[in-house]
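**Q** based on what follows, work out the 3D shape:
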Amino acid sequence: MTESDASKLLNSADTADWKRRAEIVNSLIQIGKPAIPTLVSDLQNSSWYVRNCIATALQKMGWEPSTDVEKILFLIARWNIKANYDEIVDTGPRAVKYLIPLLKAKPEWAVEKAIEALGKIGDRRATQPLIELLSQPGSFLMEHAIHALADIGDSRAVKALIGILQSWDSEKEPSKYPLSDIVRALSKLGIGTKEVILIGIHRERLEEDVASGQIECPHCGETIDLPLMAKKLGSTGAYFYYLFNFPCAKCGKQIYYLGMRLFVVLKK
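**A** Below is the predicted model:
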């Protein structure tokens, strides 16, 4: 078998089952040292399954990474082993450049691992690529991206998440977005939340306006009244959520606030 045979084997690894992948690894090992340059150069393959076959074969052939980049790519390809995943996170910002392309890779669970690692590392270079995943409503990837953005703490995420809430018709599509995840993320990113009514009554639908309350402007510290009207977002758990969006009367800067209304169900 030759070096070109290695490329052919790798092309079939993405769609193969686990038994066939094990056979591919053994075939790569039989090619030996002539295959190593091809294998190392393909450690950034868009399929994690291909990467894993490569890394497994290289390890069994006694290959050792000679640069930091090779080590990072090798660890990513073998991060189904927890120690390797933890080492990637510990590598920190140096790994971010190689994790971001995985957000468009496959399979989906490998993308989730990349999202999780980027959130733990907390480097703001990942913010925009993660924001792009918010365009996949209803997906687990979106939920993971929301959590990672909250962990990173970049203010650009606030604008993106608020944008979702402002454009979302929660009456027509109540389950389109994970409201509770967005609320928690915005709270973590510094958007205030307040229980604007302690107890409300929920039958088929809550018709009353949101009660007013007082908050401090996050920009100038002025105590201001919440307006009576707000956008109803929907419910999660025991709360209805409302989005307040208005300018501060003193400094004129825009204020975003999440109001919560606790409800109880009346039994007949």
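**Q** just checking, which helix or strand of the chain averages the lowest pLDDT?
**A** Sorting the helices and strands of the chain by mean pLDDT, DSSP states H and E puts strand 192-202 at the bottom, at a mean of 44.
**Q** check which helices and strands the following helix or strand past it sits against.
**A** Going down the chain from strand 192-202, the next helix or strand is strand 214-216, by DSSP states H and E. Here strand 214-216 touches strand 223-225, going by 3 or more Cβ pairs under 8 Å, 6 or more residues apart in numbering; DSSP states H and E. From N, CA and C alone the C-beta is placed, and that goes for glycine too.
**Q** who does the strand it packs on pair with, and is each partner parallel or antiparallel?
**A** strand 214-216 (antiparallel) (DSSP bridges).
**Q** residues touching the strand it pairs with, excluding its own?
**A** Residues outside strand 214-216 that contact it (Cβ atoms under 8 Å, 6 or more residues apart in numbering) are Gly192, Lys194, Glu222, Thr223, Ile224, Asp225, Leu226, Ile255, Tyr257.
**Q** farthest pair within those?
**A** Lys194 and Glu222 (16.0 Å; Cβ to Cβ).
**Q** which parts of stretch 163-174 are buried?
**A** Ile164, Leu165, Trp168, Ser170 (16 or more other Cβ atoms under 10 Å).
**Q** re the thing from before, of the contacts of strand 214-216, select the buried ones using a ChimeraX command.
**A** To isolate the buried ones among the contacts of strand 214-216 in ChimeraX, judged by 16+ other Cβ under 10 Å, type:
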select :224,226,255,257
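**Q** now the contacts of strand 214-216 as CSV including distance to Ser41?
**A** CSV is the format used below for these (distance: Cβ to Cβ, whole Å):
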residue, distance to Ser41
Gly192, 50
Lys194, 55
Glu222, 59
Thr223, 62
Ile224, 60
Asp225, 63
Leu226, 59
Ile255, 52
Tyr257, 52
